[in-house]
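Colleague: Compute the structure for the input listed below.
(2 chains)
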Amino acid sequence: MNKPVNPIDLQLEDDGPLYVAQKKVYPQSVSGTFRRIKWGLMAFCLGVYYLLPFVRWNRGLGAPDQAVLVDLPNSRFYFFFIELWPQEVYYFTGLLIVAAITLFLMNSLGGRIWCGYLCPQTVWTDLFYAVERLIEGDRRERMRKNAARGTMKLQRFSELLLKHSIWLMIAWWTGGAWVLYFNDAPTLVKQLVTFQAPMLAYIWITILTATTYLLAGFMREQVCVYMCPWPRIQAALTDEWALNVTYKYDHGEKRTSLKKANELRALGESVGDCIDCYQCVAVCPTGIDIRDGAQLDCIQCGLCIDACDTVMTKIGRETRLIGYDNDINIHRRQAGKPPIYRIVRPRTVVYSAMIACVGAFMLYALLTRTLLDVNVLHDRNPVAVKLSDGSIRNAYTVRLLNKRGFDRVIAIDIDGPVNATVHVVGVDSVTPERPMIILGRDQTTELRVLVTAPAANNPEKSVPVHFRITDIGLGEVASATDNFVTP
Amino acid sequence: MAEHSDFDQVSGKTTTGHEWDGIKELNTPLPRWWVITFYLTIVWAIGYWIVYPAWPLLWSHTTGVLNYSSRADVAVELANLEKIRGDKMVALGAAPLAEIEKDPALLALARARGKTVFGDNCAPCHGSGGAGAKGYPNLNDDEWLWGGSLDQIMQTIQFGVRSGHPKAHENAMLAFGKDGVLKKDQIVTVANYVRSLSGLSTSPGYNKSAGAKIFADNCAACHGDNAKGNQELGAPDLTDKIWLYGSDEATLIETISNGRAGVMPTWVGRLDPPTIKALAVYVHSLGGGK
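Modeller: Here you go, the predicted structure:
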């Protein structure tokens, strides 16, 4: 990409093209530490994605038993032991903040770990490349076959047919797994197989099949280079201490072929370890040369490290000519000093502290989450009503939330105005001074509550009134405060 | 395009030849798929013009081959809504009036429906929360001219008060002064007497026994001997703290002199029976219902 260009060649073109064709990348297979890590993470990520909807979690009778479920019709989100209501979406805000800062932390420690190992675009593209390699052969074979595409034989045609079929199958499963998070998975799978699933499920599967097939099969590194904002953002987040996949030019330069290097070394001249074999370029999924230095197009997947290590081992030179390193250490080595790594530094400490703070706050909110709640809204018009005996009545809309998976009986007590009585519209309670209501499980109940008090006992224009609701069975209590107004 | 190409040694790229204060712009061509996508969006837009309404004409607009109209969409949605609502309102219509408040689902439906209908039809006089105004009863309190039971409320909503409907509540307060039944000083006396019934202050020198006599002769027929009123006749209780027109002496004199005959329209025929039912439950649930 950034290879020096001979200016003479450019004279032949006029002003250069307005747009460029996508340079086709043929990553070569490679083996080594980072390839193994990538296989492991791919298996883990895809395994979680495809299988999680089938994990069951018992929540009792009548509640969904899917461990992770976004129940849109009923406005509920289930995640194992957590059940969230729409008014609790701030947990997601917290989750997103933690996720963002974790990305920053990753970046300040080891560069684009997300891009290289965990990003769905990387994982699926890697998988699609694996399929391509399995069917069409390795780099050279694919390049040869692609170059001869004008004369397509039956064998080549069947190869391509097979490759695209497998790609589409993977893509279909990607979309298929997605919709399972929004419905009971076993039921939906059954419906999908018998073509009885809701139209919306098919539409979403089609959309996600298309995007997966297109992005992992064709767009590939173009997504990272042109479409994704993260490469740009990460350039602002990295610093001189962050470990990035780096070509250690202090070891590598001057590049000399193996044979010539041996000759020069015999003469006592200093030459670099890099033998210019281009293996790092051949395995690169974005088709760049890591030896050009840190660059936007590098997703830092570490495959060039494996490629270079293989070559260095073969020729008996020191490995990790390409490795996780930074400029500070290159300069230190050039100055004859030992390398240093500083993981604990203000940046990482601040990020970790932020993650800990937000995480602790979320945990606290989760652990103290109320399962019984009450909200009170005072009638606006009229604010207060004078009754025929001169006493004052205020009306409130009281909303009760029962977040438990079973019905329960609650009692309403009020406290505030002197000699006040309470009445709930539609409720003939056996204990009129303390109305009792049955709250349906996992739902809110809205009540119209009338509080009446003699005006003579309540000369204040406004006194606070506390609504306390008590679960008769469990003893759980929730309360809310409003005002009792006298005209 | 640039007049000439240039080569930048540092980046190894050509430049566009544009230069600002010594800074040259590198030539970074867009990927071809990007450009193709851009052209595809243009093609898509043209397709959109053909398929959907797009271009304004002088008096109308192009309708598109699909003949799509968002207004028609709204009509369909509203029809669907009416259908859903219709089924529920049938259930409401079938339920006995007394049972609605005991069923939380029906009560919620009746209150929701009642609130909307109240806002559209009743609020101009009774206020959006039913708080009333001078001459327009507060529907939240516990005093009812024509009765505050569910059936009585529904009866009043259906046929109104002095609305001209044969079943409407008809009785009205007579104009004792204007019709010459009582003289000015008698009116002042009885007004003070009425004030005294609910513990309000009276003018100095007012003759209580004279007031009681005038009341017994003229007012007790409707308001009762004890002045507790009569809901059969729409005669309000004069001993309590609620006054439809006001309790000060001047207002009382005006009421007794000129009479009162507020009108409430009839709603039967204008609102369908389940809606009137919902409205009755809503008014009843405001707080004053008996």
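Colleague: contacting residues for whichever residue of the stretch 151-290 of chain B sits closest to chain A?
Modeller: As assessed by CB to the nearest CB, chain A sits closest to residue B:240 within the stretch 151-290 of chain B, at 3.6 Å. For the C-beta atoms, the positions are set from N, CA and C on the backbone; glycine is no exception. Residues near residue B:240 by CB atoms under 8 Å, 6 or more residues apart in numbering or on different chains: A:388-390, B:143, B:198.
Colleague: quick one: which of those residues is most hemmed in?
Modeller: residue B:143 (21 neighbours; other CB atoms under 10 Å in any protein chain shown).
Colleague: Which per-residue confidence value corresponds to residue B:168?
Modeller: On the pLDDT scale, residue B:168 is placed at 95.
Colleague: Pull the contacting residues for it.
Modeller: B:159-162, B:266.
Colleague: Flag every residue of the stretch 151-290 of chain B that's near chain A.
Modeller: B:237, B:240-242, B:285-288 (CB under 8 Å from any CB of the partner chain).
Colleague: possible to save those residues as JSON lines with secondary structure and pLDDT?
Modeller: Shown next, in JSON lines, are those (DSSP: H, G, I helix; E, B strand; the rest coil; pLDDT from 0 to 100):
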{"residue": "B:237", "secondary structure": "coil", "pLDDT": "94"}
{"residue": "B:240", "secondary structure": "coil", "pLDDT": "92"}
{"residue": "B:241", "secondary structure": "coil", "pLDDT": "91"}
{"residue": "B:242", "secondary structure": "coil", "pLDDT": "93"}
{"residue": "B:285", "secondary structure": "helix", "pLDDT": "92"}
{"residue": "B:286", "secondary structure": "coil", "pLDDT": "91"}
{"residue": "B:287", "secondary structure": "coil", "pLDDT": "86"}
{"residue": "B:288", "secondary structure": "coil", "pLDDT": "84"}
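Colleague: Rebuild those residues as TSV, extending it with distance to residue B:212.
Modeller: Formatted as TSV, those follow (distance: CB to CB, whole Å):
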residue	distance to residue B:212
B:237	17
B:240	19
B:241	21
B:242	22
B:285	40
B:286	36
B:287	35
B:288	30
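Colleague: coming back round to it: out of the contacts of residue B:168, give me the one that has the most neighbours.
Modeller: The most crowded member of the contacts of residue B:168, judged by other CB under 10 Å, is residue B:161 (21 neighbours).
Colleague: Next, format the contacts of residue B:240 as a markdown table and append pLDDT and secondary structure.
Modeller: Below are the contacts of residue B:240 laid out as a markdown table (pLDDT from 0 to 100; DSSP: H, G, I helix; E, B strand; the rest coil):
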| residue | pLDDT | secondary structure |
| --- | --- | --- |
| A:388 | 90 | coil |
| A:389 | 90 | coil |
| A:390 | 89 | coil |
| B:143 | 92 | coil |
| B:198 | 90 | coil |
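Colleague: Just name the closest of the residues you listed to residue A:24, please.
Modeller: residue B:143 (87.3 Å; CB to CB).
Colleague: Where does the prediction get shaky in chain B?
Modeller: B:1-5 (pLDDT under 70).
Colleague: same thing but 90
Modeller: Residue ranges of chain B with pLDDT under 90: B:1-20, B:22-32, B:34-35, B:81-89, B:98, B:101-105, B:204-206, B:287-290.
Colleague: Show me what the longest strand along it is packed against.
Modeller: The longest strand of chain B (DSSP state E) is strand B:13-20. For strand B:13-20, the elements it packs on are strand B:6-8, strand B:23-26, judged by 3 or more CB pairs under 8 Å, 6 or more residues apart in numbering or on different chains; DSSP states H and E.
Colleague: Nothing else from me, thank you.
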